[in-house]
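Novice: Here is a sequence together with a model predicted from it:
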Amino acid sequence: MSFSSEVKNELCSVSITDTEQKRAELYGLLIFSKVFKSNKMTLSTEHSEISKRAAALLEELYVPIIEKETLLRVRTTEHYLSKISLINPDDCARIFDDYGHHSSDISLRVNRANISSDELSAAFLRGAFEVCGSVSDPMKSYHAEFCVPHKNLSTDLCKILSEIPECNFYPKTVVRSGSYVVYFKGSEQICDLLTYIGATNCAMEIMGTKAVKQVRNNINRRINSEVANITKIASASAKQLAAIKKIQEKHGIDSLPDDLREIALLRLENPEMSLRDLGQNLSVPISRSGANHRMSRILEYAEEL
């Protein structure tokens, strides 16, 4: 099961007792479905629980004649397509009118009178997300979107989202395959959205996944840093050892001044040591920069041979 399916299953399990909230959620389900007209209403979804919830809300609030279909499996998915339709034009007209819409309307817009409170707005957005929303797996990316069938509805949706007082939503819109996609990027905004519409468990899962990813990234950074340091030390040590052996072959280690001879012998015995450790293990300890200076003199001497 995809993470998006988990979110929708949790939303479908949200218990509602207030009739106005049920009405607001159904409004979100209907107006963001493919067909919402005064003579025809059709809702299609790959999630059977959403189809059941929409049918239950319709039957409880309006008692219409509902036709239910299960269509052939949609390509590239494991789900069947559930479709519910209102086959009686009178039922459609009654519901259309009850939500404040008229057959003479030039374009379909969200009637804000149906979502006049924060609770109704949350219920409305829950219905909208159930029918046209999706969210990516937080292990892969942070992306949530509403795939809206009409431009004016996408504009209204952006406005409703941006006006939620306790959330700092900044939705963006892009056109994709003839639909208007309202989307969010960023784990904080997605968590706030899911919490607002009722998917609190999934919101917590995103936060937990983010924490795990941050720990993993920190560990990887530290490992990469240590590997880089080890590689750097090994490369410098190899260069120093080659120079010391060259001096040893040409003139012998004893040809070096006392201070250089001591650190050269220490390097031969400890090829894995860092410059800091070399400096600290001399008879008279010196700093890393002091050890580096002595090694630079040895390298210069070797180059002159």
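Specialist: Yes, it's here. Numbers count the residues shown, from 1 in each chain.
Novice: For the rest of this, base every contact and every neighbour count on C-alpha atoms.
Specialist: Noted.
Novice: for the helix or strand where Leu125 lies, which positions count as buried?
Specialist: Using DSSP states H and E, Leu125 sits within helix 118-132. For helix 118-132, a neighbour-count test (16 or more other CA atoms under 10 Å) marks 120-132 as buried.
Novice: quick one: which of the residues you listed is nearest Asn9?
Specialist: Glu130 (8.9 Å; CA to CA).
Novice: hang on, the earlier thing: next, format the buried residues of helix 118-132 as a markdown table and append pLDDT and distance to Leu241.
Specialist: As requested, the buried residues of helix 118-132 are exported to a markdown table (pLDDT from 0 to 100; distance: CA to CA, whole Å):
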| residue | pLDDT | distance to Leu241 |
| --- | --- | --- |
| Leu120 | 96 | 76 |
| Ser121 | 95 | 73 |
| Ala122 | 95 | 70 |
| Ala123 | 96 | 73 |
| Phe124 | 97 | 73 |
| Leu125 | 97 | 69 |
| Arg126 | 97 | 69 |
| Gly127 | 96 | 71 |
| Ala128 | 96 | 70 |
| Phe129 | 96 | 66 |
| Glu130 | 96 | 68 |
| Val131 | 95 | 69 |
| Cys132 | 95 | 67 |
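Novice: farthest pair in the residues you listed?
Specialist: That would be Leu120 and Cys132, which, of those, are the farthest apart (CA to CA) at 18.3 Å.
Novice: that older thread, could you list every helix and strand in contact with the helix holding Leu125?
Specialist: helix 3-12, helix 19-31, strand 41-45, strand 143-148, helix 187-197 (3 or more CA pairs under 8 Å, 6 or more residues apart in numbering; DSSP states H and E).
Novice: and the angle from it to strand 41-45?
Specialist: 70 degrees (axes from the mean of the first three to the mean of the last three CA atoms, to 10 degrees).
Novice: I'd like the next helix or strand past helix 118-132.
Specialist: Per DSSP H and E, the helix or strand that comes after helix 118-132 is strand 133-135.
Novice: ok, residues contacting that following strand?
Specialist: For strand 133-135, the external contacting residues (CA atoms under 8 Å, 6 or more residues apart in numbering) are Phe3, Ser4, Tyr142, His143, Ala144, Glu145, Phe146, Cys147.
Novice: can you tell me which of these lies nearest to Gly198?
Specialist: Ser4 (13.8 Å).
Novice: That closest one: neighbouring residues, count only.
Specialist: Counted by other CA atoms under 10 Å, the residues lying close to Ser4 total 17.
Novice: With Ile16 instead?
Specialist: Neighbour tally, Ile16, other CA under 10 Å: 11.
Novice: That one reaches Glu25, doesn't it?
Specialist: No. In this structure, Ile16 is not within contact of Glu25 by CA atoms under 8 Å, at 9.7 Å.
Novice: what helices or strands is the longest helix along the chain leaning on?
Specialist: Identified as the longest helix of the chain according to DSSP state H is helix 200-250. The contact analysis (3+ CA pairs under 8 Å, 6+ apart) places helix 200-250 against helix 3-12, helix 187-197, helix 258-269, helix 288-304.
Novice: Switch these over to CSV; also include distance to Pro165.
Specialist: Formatted as CSV, the helices and strands packed on helix 200-250 follow (distance: least, CA to CA, whole Å):
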stretch, distance to Pro165
helix 3-12, 21
helix 187-197, 11
helix 258-269, 66
helix 288-304, 57
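Novice: what stretches of the stretch 1-150 of the chain score poorly on pLDDT?
Specialist: 72-79 (pLDDT under 70).
Novice: For Ser237, which non-adjacent residue is spatially closest?
Specialist: Closest residue to Ser237 apart from its sequence neighbours, by CA to CA, 6 or more residues apart in numbering: Pro271 at 6.0 Å.
Novice: One more: Phe169?
Specialist: Ser162 (5.2 Å).
Novice: For the one you found, give me its contacts.
Specialist: Asn168, Phe169, Tyr170, Pro171.
Novice: Go through these and say which is closest to Ile106.
Specialist: For these, the nearest to Ile106 is Pro171 (25.8 Å; CA to CA).
Novice: ok, how many other residues are close to the closest residue to Asn88 other than its chain neighbours?
Specialist: What sits nearest to Asn88 in space, not counting adjacent residues and going by CA to CA, 6+ apart, is Ile65, at 6.5 Å. Ile65: 16 surrounding residues under other CA under 10 Å.
Novice: same question, the one 4 residues further on
Specialist: When neighbours are defined as other CA under 10 Å, Glu69 has 13 of them.
Novice: For it, list the residues it contacts.
Specialist: Ser82, Lys83, Ile84.
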